[in-house]
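Asks: No letters, just coordinates:
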Ligand SMILES: Nc1ncnc2c1ncn2[C@@H]1O[C@H](COP(=O)(O)OP(=O)(O)OP(=O)(O)O)[C@@H](O)[C@H]1O
Ligand SMILES: [Mg+2]
């Protein structure tokens, strides 16, 4: 039987809810006790979610703003810990979670490629072998020699995607950040992701683009109100999601759309 590379079993995650300061005077009078009281109140971002992703699958996650998609991806990446439940990950994770995450602002683009490669467990030699491919794909030109703190959001996304897509990925995690790239770069990313379609690379793609889910993914999950609403065929999941969002869904236009 196939073994899942990502497995979530009854996973819940909550965040402290900082929003109930009753009386600023009382709060300032005894800050530590007030903070302890506030921290007790928690907001449940994900409730009892279970799903599995198998090797080579292209798994899309969709849902409204605040549904819990990025929280799910953060837990796959290991940057967030669940409160309850089990998470099993088998394989090396290449995450693109938010713009500039994983980049040191004072290092140049090129130096950040090396830093990321090392953090992903590759040797310097392996990284240098891929360097020119990464630089070329990013189309950053002379900006590759500049510190990433001077990058625009699109430049950050370009470097981020180029790094994770070329450094021998096993499990790719992508959280919507490609939307800030210009249309040409978005198309290039789409083509790159499609090139993984027949490969062993496992991909988890969080996106608000139903066209991406239909065009790239082999299975999709819809998270609604912090729980799993549906898992299955991307077209069926997107259809139900669009219906619930009162948005017309037309497979023809979606198939023609790029991202
Ligand atoms: N660090 C945090 N502290 C407190 N609450 C948080 C934190 N991060 C997320 N949340 C809350 O958890 C819920 C899920 O957030 P999450 O970022 O996972 O949503 P999302 O599905 O990725 O939304 P979007 O489509 O807007 O990116 C939201 O209600 C959000 O307010
Ligand atoms: Mg998000």
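Replies: Looks like it arrived, so ask away. Everything quoted here is computed from the prediction, not taken from an experiment. Ligands and ions are numbered 1, 2, ... in the order given.
Asks: residues in this structure within reach of ligand 1, list them.
Replies: The chain has residues 15, 43, 45, 63, 65, 66, 67, 68, 69, 70, 71 near ligand 1, with proximity defined as CB under 6 Å from any ligand atom. Placement of C-beta: from N, CA and C, glycine included.
Asks: For PyMOL, what selects the buried ones among those residues?
Replies: Filtering the residues of the chain next to ligand 1 down to the buried ones (16 or more other CB atoms under 10 Å) takes a single PyMOL command:
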select buried, resi 45+63+67+68+69+70+71
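Asks: Show me how far the helix or strand containing residue 211 is from its chain's centre.
Replies: Under the criterion of DSSP states H and E, residue 211 resides in helix 210-216. When distances are taken as CA atoms, centre = their mean, to the nearest Å, helix 210-216 is centred 15 Å away from the chain's centroid.
Asks: would you list the residues of the chain next to ligand 1 in JSON lines and tack on pLDDT?
Replies: Output for the residues of the chain next to ligand 1, formatted as JSON lines (pLDDT from 0 to 100):
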{"residue": "15", "pLDDT": "92"}
{"residue": "43", "pLDDT": "89"}
{"residue": "45", "pLDDT": "96"}
{"residue": "63", "pLDDT": "97"}
{"residue": "65", "pLDDT": "95"}
{"residue": "66", "pLDDT": "95"}
{"residue": "67", "pLDDT": "96"}
{"residue": "68", "pLDDT": "96"}
{"residue": "69", "pLDDT": "96"}
{"residue": "70", "pLDDT": "95"}
{"residue": "71", "pLDDT": "96"}
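Asks: returning to what we had before: in the helix holding residue 211, what counts as buried?
Replies: Buried, per 16+ other CB under 10 Å, within helix 210-216: 210, 211, 212, 213, 214, 215, 216.
Asks: Same list, those, but as TSV with pLDDT please.
Replies: What follows is the buried residues of helix 210-216, written out as TSV (pLDDT from 0 to 100):
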residue	pLDDT
210	92
211	90
212	90
213	94
214	93
215	91
216	92
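Asks: For residue 90, see how far away residue 146 is.
Replies: 38 Å (CB to CB, to the nearest Å).
Asks: How confident was the prediction at the most centrally placed residue in the chain?
Replies: In the chain, the centroid-proximal residue (CA atoms, centre = their mean) is residue 175; its distance is 2.7 Å. In this model, residue 175 is scored at 93, pLDDT.
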